[in-house]
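Asker: Provided below for reference: sequence and predicted model.
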Amino acid sequence: MNTIAQIFVGLAGAFHLAVFVMESLLFTKPSTYRRFLVPNETEAAIARPWAFNQGFYNLFLALGALGGLIAGGDKGHAIALFACACMAGAGLVLVASNRKMVRSAVLQAGPPIIALVLAAVL
């Protein structure tokens, strides 16, 4: 995998690590749960188990991307690109399920899609 694609894999992994922190560790803060369109503390308490679980999903994707980069070689890069494909798919599902989340979907899916394209063409 070329260096530019690796940079975008790294960006995708870092983004998903940040989302893990927000969803699993900081979700009860109003500034955090409002980012996920949860309007108040009562609804945040209801959504908390979902957010905690979803955060770990993001952590595992980040570990796949970053771990694949660190492992290197064909197998490591295949793992990293598979993680990116999953991230891209999740971003598409996000925007398909709620058009208000288009900005979040672009942030989530943009870097991994760029990584996949660059890995395929360069």
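Answerer: Yes, it's here.

Asker: what are the boundaries of the helices in the chain?
Answerer: Ranges of helices within the chain are 3-20, 30-33, 41-71, 73-97, 102-121, based on DSSP state H.

Asker: and the second one, average pLDDT?
Answerer: Confidence over helix 30-33, taken as the mean pLDDT, stands at 97.

Asker: buried stuff in it?
Answerer: Buried positions in helix 30-33, judged by neighbour count with 16 or more other Cβ atoms under 10 Å: Thr32, Tyr33. Bear in mind the C-beta positions are built from the backbone N, C-alpha and C, glycine included.

Asker: again with the first one
Answerer: Neighbour-count burial for helix 3-20 flags 5-6, 8-13, 15-17, 19-20 (criterion: 16+ other Cβ under 10 Å).

Asker: which one of the residues you listed sits closest to Asn98?
Answerer: Of all these, Asn98 sits closest to Val19, with 15.9 Å by Cβ to Cβ.

Asker: excluding chain neighbours, what is closest to the closest one?
Answerer: Closest residue in space to Val19, ignoring its immediate chain neighbours: Asn58 at 4.4 Å, by Cβ to Cβ, 6 or more residues apart in numbering.

Asker: roughly how far does that neighbour sit from Trp50?
Answerer: Distance of Asn58 to Trp50, computed by Cβ to Cβ, to the nearest Å: 13 Å.

Asker: looking at the two, which is more packed in?
Answerer: Using other Cβ atoms under 10 Å, the more surrounded residue of Asn58 and Trp50 is Asn58, with 23 against 12.

Asker: with that, I have no additional questions.
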